[in-house]
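>>> Fold the following for me, if possible:
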Amino acid sequence: MPAPNAEVFDRLSALAAIDDPAARARKTIAETFTGKPLGSVPVGAAQDVAVAVGKASAAQARWAVRSAKDRAAVLERYRELVIEHREFLMDVIQAETGKARWAAQEEIMGLMFAARYFARVAPDLLDAHRVPGAFPVLNRASVRHQPKGVVGVVAPWNYPMLLSIGDSIPALLAGNAVVVKPDSQTPFSALASAELLYQAGLPRDLLAVVPGPGTVVGTAIVDSCDYLMFTGSSATGRALAEQCGRRLIGFSAELGGKNPMIVTRGAKLDRAAKTAVRACFSNAGQLCISIERLYVEKAVAAEFTEKFVAAVRAAKLGAAYDYSADIGSLISEAQLETVAKHVADATSKGAKVLAGGAARPDLGPLFFEPTVLADVTDEMECGRNETFGPLVSIYPVENVEQAIDLANATEYGLNASVWAESKSAGERIAERLHAGTVCVDEGYAPAWGTTAAPMGGMGISGVGRRHGPDGLLKFTEPQTVVVTRFMNLDAPAVISQDKWQRLLMTLARGFRFLPGR
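Numbering: from 1, shown residues only. Modelled structure (predicted):
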């Protein structure tokens, strides 16, 4: 099955929010599997962001007055369109990223889960709710949620549809407009999903996708939006946080990870080894929440390593628009170089290659074998730094305590995986790990897919959370409205100030046990 034809990408290109496309340079987007051109998009400028934000702001004022149920109905229709057009959407994702089709389906399922969850909970979460007033008889208090305004979404290339439009869904449901900057390597994924939102009834100006370089388009969005959602590296996250801080606007980010998996004695090693292949090498390891460090108790280390290495060697690499490949391609020459340099650095310093370790140009220009290393130390580039590619290190440990200590010995804290002799033992280990999500007897997918629970990182792995109630309410400004009835807090004419203040204190002491929402 080939990539979609050029006419498809021409249609998607026309959806880019560019004020004057004829006046803009165009960037050719290549099919990752082959390096052949797919199509081109206009390269946005700061002016395009200014126009998009202006239109979005006007559209947002009209969108915000619509009920949350009305907005949710648009997202429900979008979800049905995603399901209907899922094969086409996966084709676009694969063409731009080179990932295996099952990994492309993860994005489709993520969009479905996000649209379903937020559409169902938004009306209740956004509804004004009563809280006890300072003096309950005199004061009636309620909390409302007003939208931020125009939300900027700066999305990465590794999950380009899910982390652009998927992060836009709760912002839109909260009553905001959204301006998206897709990664320059993967604009078509964002445009293809945005097209379905427009078909579902979303006003065109309410969601703008502006392709272009981060230094131009991204900077312009940060300089003009009312809230920023970013997914990418910890280094870029720091820089964007500083820019948002100068403007005093809200900021949320999912950043890098050096995620551990712990395998203890008594764990089901066959299942652990098989799942670890997916957990380590999904999207060729180009996933913030994938596993890069394996800590295995020495009592089972040799057996687990044998099973894991065998499973890795059996995994099929391939460029296919079907489910015949287990692992796809890296996305760029830069990613390929990083992986190759990390492997070369580690082996030159004494690490041992247990599986993989080489590029596969026979399969395509950017393929690299899934690689397992032993004897990795902190002095090696891949020891403590995120590779973001198909490279994992395995470490035998004396016991669970050492595994937990080593798993936590990092600035990162995004995701972790635990395999133990029982579910309860796995949960006890999970509670001690410094990670925003932990999967027991899995790698990462169930935690990501649990959209009712918050997802994000500790340490330098992120700020704020996506998913769960926080994933919606972060795009709002809480507003407290308190109505005073019968009389205000000034002393009545018939009571002295001294007596009045003593009466207020008596009342205040009596209200100290009133519950909140």
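>>> So for stretch 38-54, what gets flagged as buried?
Neighbour counts over stretch 38-54 (16 or more other C-beta atoms under 10 Å) mark 38-46, 48-49, 51-53 as buried. The C-beta positions use only the backbone N, C-alpha and C, and glycine is treated the same way.
>>> where does this structure have low pLDDT?
Scanning the chain for pLDDT under 70 picks out the ranges 1, 511-517.
>>> Tell me the secondary structure at the residue nearest to His342 when sequence neighbours are not counted.
Distances taken as C-beta to C-beta, 6 or more residues apart in numbering place Cys382 nearest to His342, at 4.2 Å, with adjacent residues excluded. Here Cys382 is recorded as helix under DSSP: H, G, I helix; E, B strand; the rest coil.
>>> Quick one: neighbours of Cys382, just the number.
Around Cys382 there are 27 other residues, counting by other C-beta atoms under 10 Å.
>>> Pull the contacting residues for it.
Going by C-beta atoms under 8 Å, 6 or more residues apart in numbering, Cys382 touches Glu292, His342, Val343, Asp345, Ala346, Leu373, Val376, Leu391, Ser393.
>>> which among the residues you listed end up buried?
Glu292, His342, Val343, Ala346, Leu373, Val376, Leu391, Ser393.
>>> Pick the one among those closest to Trp448.
Comparing those against Trp448 with C-beta to C-beta picks out Glu292 as the nearest, at 16.5 Å.
>>> Show me what the host helix or strand of the closest one pairs with in its sheet, parallel or antiparallel.
Assigned by DSSP states H and E, Glu292 belongs to strand 291-297. According to DSSP bridges, strand 291-297 forms sheet pairs with strand 259-263 (parallel), strand 391-397 (parallel).
>>> Pretty sure Ala453 sits in a strand.
No. According to three-state DSSP, Ala453 belongs to no strand; its state is coil.
>>> Just give the closest residue to it, not the sequence neighbours.
Gly468 (5.1 Å).
>>> now Leu75
Ala119 is the one closest to Leu75 (C-beta to C-beta, 6+ apart), at 4.4 Å.
>>> wait, what's in contact with the residue nearest to Met455 when sequence neighbours are not counted?
Excluding the flanking residues, the one nearest Met455 by C-beta to C-beta, 6+ apart is His467, at 4.3 Å. Applying C-beta under 8 Å, 6+ apart to His467 gives the contacts Ala114, Tyr117, Thr450, Thr451, Ala452, Ala453, Pro454, Met455.
>>> ok, and the closest non-adjacent residue to the fourth one?
To tie it back to what came earlier, the one meant is Thr451. Sequence neighbours aside, Tyr117 is the residue nearest to Thr451 in space, at 4.0 Å (criterion: C-beta to C-beta, 6+ apart).
>>> which SS state does that neighbour fall under?
helix.
>>> burial of it, as a residue count?
Neighbour count of Tyr117, defined by other C-beta under 10 Å: 19.
>>> now do Ala141
Ala141: 16 surrounding residues under other C-beta under 10 Å.
>>> And for Val300?
Residues lying near Val300 (other C-beta under 10 Å) number 19.
>>> One more: Lys352?
13.
>>> Start the count at 20 instead of 1 going forward.
Renumbered: residue one is now 20, and that last one reads Lys371.
>>> Leu288 versus the residue nearest to it when sequence neighbours are not counted, what's the distance?
For Lys371, ignoring the flanking residues on the chain, the nearest one in space by C-beta to C-beta, 6+ apart is Ala393 at 4.6 Å. With distances taken as C-beta to C-beta, to the nearest Å, Ala393 is found 17 Å from Leu288.
>>> do the same with Ala466
Going from Ala466 to Leu288 by C-beta to C-beta gives 22 Å.
>>> hey, where'd the strands end up in the stretch 420-536 of the chain?
Along the stretch 420-536 of the chain, the stretches classed as strands by DSSP state E, counting those that start in this stretch are 434-438, 456-459, 481-482, 495-503.
>>> Contacts for the last one, please.
Contacts with strand 495-503, where a contact means C-beta under 8 Å, 6+ apart, come from 145, 147, 152-153, 157-167, 193-194.
>>> Now the buried members of those.
The neighbour count (16+ other C-beta under 10 Å) marks Leu145, Gly152, Leu157, Asn158, Ala160, His164, Pro166, Lys167, Ala193, Gly194 as buried among the contacts of strand 495-503.
>>> Now the residues you listed in JSON lines, please, with extra columns for distance to Lys88 and secondary structure.
Listed next are the buried ones among the contacts of strand 495-503 as JSON lines, based on distance: C-beta to C-beta, whole Å; DSSP: H, G, I helix; E, B strand; the rest coil:
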{"residue": "Leu145", "distance to Lys88": "10", "secondary structure": "helix"}
{"residue": "Gly152", "distance to Lys88": "28", "secondary structure": "coil"}
{"residue": "Leu157", "distance to Lys88": "33", "secondary structure": "coil"}
{"residue": "Asn158", "distance to Lys88": "29", "secondary structure": "strand"}
{"residue": "Ala160", "distance to Lys88": "25", "secondary structure": "strand"}
{"residue": "His164", "distance to Lys88": "15", "secondary structure": "strand"}
{"residue": "Pro166", "distance to Lys88": "16", "secondary structure": "strand"}
{"residue": "Lys167", "distance to Lys88": "20", "secondary structure": "coil"}
{"residue": "Ala193", "distance to Lys88": "14", "secondary structure": "coil"}
{"residue": "Gly194", "distance to Lys88": "12", "secondary structure": "coil"}
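>>> ok, so of these, who is nearest Val84?
Checking the buried ones among the contacts of strand 495-503 against Val84 by C-beta to C-beta gives Gly194 as the nearest, at 8.6 Å.
>>> now the closest residue to that closest one other than its chain neighbours: how far from Ala377?
Once flanking residues are discounted, Gly194 sits nearest to Pro166: 3.4 Å by C-beta to C-beta, 6+ apart. The gap separating Pro166 from Ala377 is 51 Å, by C-beta to C-beta.
>>> Report the contact partners of Ala92.
With the criterion set at C-beta under 8 Å, 6+ apart, Ala92 makes contact with Ala138, Gly220.
>>> go with 6 Å
Under the criterion of C-beta atoms under 6 Å, 6 or more residues apart in numbering, Ala92 has no neighbours.
>>> so which strand or helix has it?
Ala92 is part of helix 87-103 when elements are defined by DSSP H and E.
>>> Just the buried positions in whichever helix or strand comes after that helix, please.
Later in the chain than helix 87-103, the nearest helix or strand by DSSP H and E is helix 105-116. Along helix 105-116, these residues count as buried under the neighbour rule (16+ other C-beta under 10 Å): Arg105, Leu108, Met109, Asp110, Val111, Ile112, Gln113, Ala114, Glu115, Thr116.
>>> Show me what helix 105-116 is packed against.
helix 120-145, helix 206-218 (3 or more C-beta pairs under 6 Å, 6 or more residues apart in numbering; DSSP states H and E).
>>> Give me the residues contacting it.
When contacts are defined by C-beta under 6 Å, 6+ apart, helix 105-116 is touched by residues 22-23, 50-51, 57, 120, 123, 126-127, 180, 205, 207-208, 211, 340, 350.
>>> returning to that earlier point: distance to Val328 added to the buried ones among the contacts of Cys401, as JSON lines?
Shown next, in JSON lines, are the buried ones among the contacts of Cys401 (distance: C-beta to C-beta, whole Å):
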{"residue": "Glu311", "distance to Val328": "16"}
{"residue": "His361", "distance to Val328": "18"}
{"residue": "Val362", "distance to Val328": "16"}
{"residue": "Ala365", "distance to Val328": "16"}
{"residue": "Leu392", "distance to Val328": "11"}
{"residue": "Val395", "distance to Val328": "15"}
{"residue": "Leu410", "distance to Val328": "14"}
{"residue": "Ser412", "distance to Val328": "13"}
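>>> now, among the residues you listed, which is nearest to Arg504?
Distance from Arg504 was checked for each of those by C-beta to C-beta. The minimum falls on Glu311, at 59.6 Å.
>>> returning to what we had before: out of the buried residues of stretch 57-73, list just those in strands.
Leu57, Gly58, Ser59, Val60, Pro61 (DSSP state E).
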